[in-house]
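Asks: model this:
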Amino acid sequence: MAEEGMNAGISAKVVETTEKPFIPPSSVSLTAELEPSAAGQVVNTVQAATRLFADLTPTEQESSTYYSQDYLDFYRNYIPAPGTTFKELPEYEAPKKELIINCETTGALPWESRLILIGVMDPNELKPQTLTFYQETEEATINEFVEWLNGTTYDTLVSYNVGFDYRFLYVLMQRYRLLCPIWPEMTLVDIMTQQKQVKQAFVPGYNKEGKLEEWATYLLGTQPYAEQAQVYKWLKEGNIDEIVNFNTDKIVKTYFLFTLGKLVAGTLQGPGQASTSSAVSEAVATGSQYPSAGTLDNEIQVQCSQCKQNQVMSKSAKVVNCFVCGAPIASPLL
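Replies: Below is the predicted model of the structure:
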């Protein structure tokens with residue numbers, strides 16, 4: 001409704017077109033009401049109740065992005081079409097340095113899976129070919145690979161997510177006590193990292209680190225001395241001897257994993273066997289093992305039923321892992 005004294009105007013623009021005007025169907029009803037304004041003018045109020053029915057069929061579009069026809073015409077007329085063929089890679093030959101590797105396993109964690117095969121390729125050969133290491137058993141496969149690698153000059157490992165292959169094979173070298181000095185010194189090139197950030201320099205990815213007990217069981221055949229929660233029960237009971245046994249068990253297992261690392265790298269002193277009595281004696285001398293029998297009144301001497309190694313254990317301990325082969329030794333006092 002117009003207010004008194006308000007000026008109003010209407011402008012119109014005529015556009016010539018060949019398009020037919022839209023005419024509502026018969027289902028449209030119009031009603032008009034005449035209302036007098038405050039100035040005595042008559043204002044038409046039109047109310048429309050319209051029901052429209054349409055069958056909309058969208059056109060097919062390969063892309064979710066809309067391109068106008070002008071843009072498509074410009075693109076087709078002025079921008080050349082992309083090539084549909086790829087040029088061959090250049091051939092080259094260089095010293096045997098890099099080695100492309102890919103392992104097939106049944107899972108991610110070594111103690112939950114096994115190695116199936118190892119595939120390698122020398123990218124520096126004029127006509128590179130793949131070489132596959134596969135034997136009936138996991139041990140035979142990794143043995144064959146290590147024996148071959150030790151006779152080569154490769155010092156750089158190339159793979160997609162190289163950290164997985166590198167760590168998995170390293171653990172198998174530990175488990176089967178294999179000498180491979182070049183392996184810990186390998187330069188790593190991660191193609192996954194290259195495709196992500198261009199730089200080829202290896203950036204450590206995520207591999208499940210595993211727990212000490214899982215590694216010890218897998219590599220040494222040992223079992224956990226007790227659950228961690230048991231330590232708090234022993235503390236509440238005042239049973240410090242058992243806590244010492246628990247702690248010593250962890251230290252011994254850590255020592256053997258450390259020794260296995262040296263074994264693979266070939267940096268062990270003496271015969272280089274992680275499971276020899278001399279290695280154990282040296283560890284005892286440095287305080288990494290239980291002291292010799294007879295030095296403490298609360299200790300007894302026991303013998304491992306598997307490797308026949310004599311050693312000592314606390315009288316209060318129920319079980320202890322052999323310092324040589326890792327087999328559990330039950331207390332004879334039980």
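Asks: what helices or strands is the lengthiest helix in the chain leaning on?
Replies: When the chain is scanned for its longest helix (criterion: DSSP state H), the result is helix 240-265. Here helix 240-265 touches helix 162-175, helix 212-220, helix 228-237, strand 310-314, strand 319-321, going by 3 or more C-beta pairs under 8 Å, 6 or more residues apart in numbering; DSSP states H and E. (C-beta placed from N, C-alpha, C; glycine too.)
Asks: which residues of the stretch 201-334 of the chain score low on pLDDT?
Replies: Scanning the stretch 201-334 of the chain for pLDDT under 70 picks out 201-204, 269-297, 306-308, 323-326, 334.
Asks: ok so I101 is a strand residue?
Replies: Yes. Using DSSP: H, G, I helix; E, B strand; the rest coil, the assignment for I101 is a strand.
Asks: that one and N77: what is the separation?
Replies: From I101 across to N77, the span is 50 Å (C-beta to C-beta, to the nearest Å).
Asks: of those two, who's got more company?
Replies: Between I101 and N77, counting by other C-beta atoms under 10 Å, I101 is the more crowded of the two (21 against 7).
Asks: so the more buried one bridges to which residues?
Replies: V120 (DSSP bridges).
Asks: one more: T132?
Replies: Applying DSSP bridges to T132, the residues it is bridged with are G119.
Asks: what pLDDT does it get?
Replies: pLDDT, T132: 92.
Asks: and for it, the neighbour number?
Replies: 13.
Asks: was I right to think it contacts I118?
Replies: Yes. Using C-beta atoms under 8 Å, T132 is in contact with I118, at 7.2 Å.
Asks: which residue ranges of this structure form strands?
Replies: 29-36, 42-49, 98-105, 115-121, 130-133, 156-159, 187-190, 299-303, 310-314, 319-321, 328-330 (DSSP state E).
Asks: who are the packing partners of the fourth one?
Replies: What it means is strand 115-121. Applying 3+ C-beta pairs under 8 Å, 6+ apart, one finds that strand 115-121 contacts strand 98-105, strand 130-133, helix 138-149, helix 162-175.
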